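Participant: Got a predicted structure here, sequence first:
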Amino acid sequence: MGLGKELRFLLLTTVIFSIINSYVTIFINLYIWEKYHQISQVAWFNITMLIFWGVAFTIAGKIFTVYSLQVTMRIASLMALTAFYFLLAFPNASPFLWNLSIGASVGFMCGTYFMSQNIFISFYGKGEELNTYFYLYTIAQQFLSILNPIVFAIIIKLFGYATSFIIVFSVVCILFILTFYIPNVTLSKEDKEKPFFRVQNPWMQMQKLRSFLSSCFFMGFLLQFQLLFTQLYTFHISENKIIIAGLNVLYTILTIGAYFFARKAHIPHTRQLQWGVVLMGMAYLLAIYPEPLNLVLLNVFSAIGYFFLITNWNSNQFNYMRQFKSTTLTKVIIGREVILNIGRIIMLLLIAQVKEFSGLTYQGMIIFILACIVVLFFIEQKRSKVEKKQTSSGVSL
């Protein structure tokens, strides 16, 4: 199934934002590593970023009840410019001030943008179209994870950081211009009059919402682990940039192949979710013995498994959220993102304790992430059964 005009436009803006976010994330983390050579400093920057990400997400939700999606998108663009200002203006600041200023601006950039994206998807995406969107989004992310580091590394090597800043600044300007053409989604007048931060008891007490947020919590662990360790495992295989790029190309090609196979064979989404869980479980069992061949197989299995898991999980989440309206929908989206970020922060705190790919701490973390995969799968299975039962009985919110 193809995408409607609105989701095609969102996919375009998301790809542009991903270029900015990928550049900021990769090169800021690289800068911190080169400056301090401490995993803890990298971890604390990311923790600061995620804390402000959650704060910005909540603030953006409140802004959305007063203004519109265009405003929150523009704020995200301005926060991207702020991040570059701090990078240029305070290169020799203390670690605390540097992490705080850069982490806060990047966190606000991500929080406001992803709040806008989630609201947009909730308003315009539904059913099979959501699956198509998340398939294409994940594949685009795979391509950018290969191209962005290589292209900007070449630009920086040949022309210096200043030229790369100008290029990314231009990309931010393009994103800012596109925000004027985004559908002007906002809450209705009646919903604006409802207290935004008041939580209604029935809303918090429903079993399927608790399952929904529990699923987000465990996905936060898995998401952060996958994002960080995919590259760390690749670096552990080889420090040769050509080999690293080649392996990333391999992972992307296999992921795209898996996507077309699943679409061509009309594999049910529930079965794809099961495949994702099994492949990721196999991948992280291999991580217990981090030999080069095992790590290559690990990244192949985890890339394909994560693709099936995250696309279908996201689709299930947004299809579920479609039953909520306006202010309640905004609350649910904020709750989802905050819980995801709490899981990611806890995972980063655990990762900060790991010194090498061996020992009880490392193996304990692998066992923990395997347990998270299993728990996440059972939560999704149970939630799916509850939703089908409630749908058939006419339960609504």
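Facilitator: That came through, no problem. Numbering: from 1, shown residues only.
Participant: all contacts plus neighbour counts: C-alpha atoms, from now on.
Facilitator: OK.
Participant: what's the following helix or strand after the helix or strand hosting residue 296?
Facilitator: Here residue 296 is covered by helix 292-321, with elements defined by DSSP states H and E. Scanning forward in sequence from helix 292-321 by DSSP H and E, the next helix or strand is helix 326-351.
Participant: Return the set of buried residues in that following helix.
Facilitator: For helix 326-351, burial by neighbour count (16 or more other Cα atoms under 10 Å) applies to 326-345, 347-348, 350-351.
Participant: Check stretch 219-236 too.
Facilitator: So, applying 16+ other Cα under 10 Å, buried residues of stretch 219-236: 219, 220, 221, 222, 223, 224, 225, 226, 230, 233, 234.
Participant: neighbours of the closest residue to residue 103 other than its chain neighbours, just the number please.
Facilitator: Leaving out its chain neighbours, the residue that sits closest to residue 103 by Cα to Cα, 6 or more residues apart in numbering is residue 49, at 4.2 Å. By the criterion of other Cα atoms under 10 Å, residue 49 has 27 neighbours.
Participant: Just the pLDDT for residue 49.
Facilitator: Per-residue pLDDT puts residue 49 at 88.
Participant: contacting residues around it?
Facilitator: Residues in contact with residue 49 (Cα atoms under 8 Å, 6 or more residues apart in numbering) are 102, 103, 104, 105, 106, 107, 108.
Participant: Could you measure from the first one over to residue 21?
Facilitator: Using Cα to Cα, to the nearest Å, one gets 13 Å for the distance from residue 102 to residue 21.
Participant: Who has more neighbours out of these two?
Facilitator: residue 102 (23 against 17).
Participant: what about residue 267, is that helix, strand or coil?
Facilitator: coil (DSSP: H, G, I helix; E, B strand; the rest coil).
Participant: Looking at it now. What's its pLDDT?
Facilitator: At residue 267, pLDDT is 82.
Participant: What distance do you get for it to residue 357?
Facilitator: 36 Å.
Participant: Now do the helix or strand that contains residue 78: everything it contacts.
Facilitator: Assigned by DSSP H and E, residue 78 falls within helix 69-89. Contact with helix 69-89 is made by 20, 60, 63-64, 101-102, 105-106, 108-113, 116, 120, 165, 169, 172-173, 175-176, 179-180, 182-186, as judged by Cα under 8 Å, 6+ apart.
Participant: again, only this time at 7 Å
Facilitator: Applying Cα atoms under 7 Å, 6 or more residues apart in numbering, the external contacts of helix 69-89 come out as 60, 101-102, 105-106, 108-110, 112-113, 116, 172, 175-176, 179-180, 182, 184-186.
Participant: How is this structure partitioned into domains?
Facilitator: According to automatic domain parsing, the chain comprises the domains 1-186, 201-387.
Participant: Check whether residue 290 sits in a helix, strand or coil.
Facilitator: Secondary structure for residue 290, judged by three-state DSSP, is coil.
Participant: got the phi/psi numbers for it?
Facilitator: phi -80, psi 60 (degrees, to the nearest 10).
Participant: same question, residue 322
Facilitator: phi -70, psi -20.
Participant: same question, residue 235
Facilitator: With angles defined as degrees, to the nearest 10, residue 235 sits at phi -60, psi -30.
Participant: from the chain's centre, how far out does the helix holding residue 78 sit?
Facilitator: Chain-centre distance of helix 69-89: 19 Å, with Cα atoms, centre = their mean, to the nearest Å.
Participant: chain center to the helix or strand just after it, what's the gap?
Facilitator: Later in the chain than helix 69-89, the nearest helix or strand by DSSP H and E is helix 95-124. Chain-centre distance of helix 95-124: 11 Å, with Cα atoms, centre = their mean.
Participant: Any idea how many residues pack against residue 159?
Facilitator: Per other Cα under 10 Å, the neighbour tally for residue 159 reads 11.
Participant: if I pick it, what's in contact with it?
Facilitator: Listed by Cα under 7 Å, 6+ apart, the contact set of residue 159 is empty.
Participant: again with residue 347
Facilitator: 221, 224, 225.
Participant: Which residue, neighbours along the chain excluded, lies closest to the most centrally placed residue in the chain?
Facilitator: For the chain, the residue lying nearest the average C-alpha position, counting by Cα atoms, centre = their mean, turns out to be residue 223 (7.2 Å). Leaving out its chain neighbours, the residue that sits closest to residue 223 by Cα to Cα, 6+ apart is residue 344, at 7.1 Å.
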